[in-house]
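Peer 1: just a sequence and a predicted model for now, questions to come.
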Amino acid sequence: MNNALFKDQVKNYWIIVLMWLLAEAFYAWKFGFNFQLEATKYINEADFILTNHHFSQARYLFYSSTIFIIALSFLLKTGVYGALVLIMAINLFSYLYFYKALKFYFGNKNIGLLVCLLLITFWPYQIWSICLYTENIFYSSVILLFSWLLFFKKINIRFLIITFLILALVIISRPLGILFVIPVLLFIFLHLNKKQKILFYFVSIFFLIILNLVIQTVFTTTSDWSMKRSVLDQSLICDIPDTNGNKNIVLSDNSSQLYQLFFYITHNFSIAFKLALVRLRYFFLMVRDYYSMAHNTYLMVYLISIYLLIIFRFKKVYTALSKPLGAFILSVILLFALTISLQCDDYHNRFFLTLMPIFITLTVVAVFYRKQIKNS
């Protein structure tokens with residue numbers, strides 16, 4: 001790398017760092033750091049672990065990355081602010097790594113720079129970085145996973161180990177991380193030869209068992225939430241039951257949460273289908289009745305612009321992506337949409353926001369990608 005190119009790359013890193021610092025300072029000034037509400041659950045659990053050396057409930061395993069960081073900060077006597085600073089530092093690192101990965105994959109430093117800047121300045125997404133919520137490290141870990149797949153060169157032990165370590169971080173950051181298991185397996189599968197695919201089938205069974213265990217654990221150890229309740233409440237937004245919902249729902253008493261969901265769909269299809277359509281509208285447009293008109297307009301304009309650019313430049317986006325990466329992206333979006341359509345959407349759009357690095361990347365590629373990619 002010549003000296004001029006090196007200086008250009010360093011300049012872009014500093015632009016990201018500076019923009020991140022300015023954005024964090026503005027969000028902290030405008031909204032303040034958040035250690036309240038949901039954050040108290042993880043703070044209390046960190047205290048519990050330090051005292052009892054185990055989780056109070058099994059479900060906290062799937063929020064444990066945040067909990068362990070808080071516990072570590074307590075041990076270091078830096079308190080909740082120390083924990084938030086560490087998690088924010090991980091967030092900044094994820095952006096710098098994301099920039100490097102995008103530049104590597106698309107061969108265009110401007111794509112990487114613009115994607116990172118758009119994410120940092122999209123405040124509904126970035127505001128979670130100043131909250132001691134699990135979304136903070138969850139969003140960062142998703143960026144790290146996406147980045148690592150962009151760096152793919154060949155299937156080897158090192159790539160697989162690091163992939164599954166990052167995937168594990170995603171899963172223990174939030175239960176929704178399990179939705180990345182199948183897309184990651186699909187990404188790997190499409191890079192394998194025939195002999196490798198035979199071994200892959202056996203390994204996949206192991207991960208699918210883990211997937212089922214995570215779902216079973218989360219839905220059976222959360223005192224105020226279960227698959228049956230999610231079905232009966234017919235909520236569009238989680239924790240807000242629809243009092244006018246259809247009461248003639250047929251349910252199963254089977255202990256398997258996945259079977260309960262399957263039974264509900266097959267025996268109440270028309271009800272499930274109508275609810276799914278409304279939930280998907282909430283999910284993909286992010287508008288809410290309790291948001292101001294200005295805020296809803298902002299979200300609608302932002303998201304519809306993204307969708308239109310991706311649709312109208314779909315051929316360019318398709319050309320820019322390898323088949324495995326395209327399959328990963330498509331399967332992640334479909335699995336998130338399917339899950340929300342059968343359950344409920346988040347009050348603050350946190351489920352959809354998980355996908356923002358993907359949608360922003362596709363949008364920037366749709367506009368600025370020029371050179372056809374050669375590596376698989």
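Peer 2: Perfect, thanks for sending it. Residues are numbered from 1 along each chain as shown.

Peer 1: for residue 239, which non-adjacent residue is closest in space?
Peer 2: Among residues not flanking residue 239 along the chain, residue 347 sits closest, at 7.2 Å (C-beta to C-beta, 6 or more residues apart in numbering). For the C-beta atoms, the positions are set from N, CA and C on the backbone; glycine is no exception.

Peer 1: how near is that neighbour to residue 18?
Peer 2: The spacing between residue 347 and residue 18, counted by C-beta to C-beta, to the nearest Å, is 33 Å.

Peer 1: just residue 108 next, same as before
Peer 2: As judged by C-beta to C-beta, residue 108 and residue 18 stand 21 Å apart.

Peer 1: looking at the two, which is more packed in?
Peer 2: More neighbours surround residue 108 than the other of residue 108 and residue 18, with 18 against 10 (other C-beta atoms under 10 Å).

Peer 1: what's that one sitting at in phi/psi?
Peer 2: With angles defined as degrees, to the nearest 10, residue 108 sits at phi -140, psi 110.

Peer 1: output the below-cut-off pLDDT ranges for the stretch 151-300 of the chain.
Peer 2: By pLDDT under 70, the low-scoring segments of the stretch 151-300 of the chain are 216, 218-230, 232, 243-247, 255.

Peer 1: where along it do the helices fall?
Peer 2: With DSSP state H, counting those that start in this stretch applied, the stretch 151-300 of the chain shows helices at 157-171, 181-189, 194-221, 227-233, 257-267, 269-285, 293-312, listed in chain order.

Peer 1: now do the buried residues in the second one.
Peer 2: Burial within helix 181-189, assessed by neighbour count using 16 or more other C-beta atoms under 10 Å, is assigned to 181-188.

Peer 1: separation between the residue lying closest to residue 332 once chain neighbours are set aside and residue 97?
Peer 2: Once its chain neighbours are removed from consideration, residue 332 has its nearest residue in residue 183; the separation is 4.6 Å (C-beta to C-beta, 6+ apart). Distance, residue 183 to residue 97, by C-beta to C-beta: 19 Å.

Peer 1: and what of residue 239?
Peer 2: Residue 239 sits at a distance of 34 Å from residue 97 (criterion: C-beta to C-beta).

Peer 1: quick one, which of those two is more surrounded?
Peer 2: A side-by-side neighbour count of residue 239 and residue 97, using other C-beta under 10 Å, places residue 97 first with 18 against 13.
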